[in-house]
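A.B. asks: model the structure of this input:
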Amino acid sequence: MFAAAMICFSYLQLNDPDPVLWVLVYVLVAGLLTFSAFGKRNIYAFWGIVVPMLITMGVLSPGVWHWMMYESAADLLGEMSPDRKYIEETREFGGLLIALILLIPVYMGIRKDKKNN
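C.D. replies: Model prediction:
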């Protein structure tokens with residue numbers, strides 16, 4: 001079910017200015033979720049996807065910080081513009097955060113697999 005949500009997220013990114021990056025991220029997360037549901041988990045694939053996501057979140061975090069400190073919450077629902085780059089950065093950060101939260105069960109499964117071996 002969560003994998004299907006990630007596929008929907010990737011579809012919604014097709015109109016983004018940089019769709020290849022975001023479609024790839026969400027499809028890879030959907031793949032991890034799908035394989036994990038069938039008991040196929042790989043620690044290297046997991047970290048190979050999670051580490052770049054965390055780095056990207058770090059890069060986007062100044063925009064999120066700017067939004068939280070100086071702008072209203074309603075701004076995220078408004079249109080993006082070059083002078084309000086924090087809107088896109090905060091939305092992208094939020095998408096990555098959702099994806100990371102959905103990957104927590106995959107990580108727990110990896111830990112359980114390691115413990116049982």
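
A.B. asks: residue 85 contacts residue 63, correct?
C.D. replies: Yes: applying CB atoms under 8 Å as the test, residue 85 and residue 63 come out as touching, 6.2 Å apart. Using the backbone N, CA and C atoms, a C-beta is placed for each residue, glycine as well.

A.B. asks: comparing the two, which shows the higher neighbour count?
C.D. replies: residue 63 (19 against 13; other CB atoms under 10 Å).

A.B. asks: how close does that one get to residue 88?
C.D. replies: Look at residue 63 and residue 88: by CB to CB, to the nearest Å, they are 8 Å apart.

A.B. asks: for residue 99, same thing?
C.D. replies: Counting by CB to CB, the gap from residue 99 to residue 88 is 17 Å.

A.B. asks: nearest residue to the middle of the protein?
C.D. replies: residue 96 (2.2 Å; CA atoms, centre = their mean).

A.B. asks: that one sits in which helix or strand?
C.D. replies: helix 85-102 (DSSP states H and E).

A.B. asks: give the other helices and strands that that helix contacts.
C.D. replies: helix 2-12, helix 19-37, helix 43-70 (3 or more CB pairs under 8 Å, 6 or more residues apart in numbering; DSSP states H and E).
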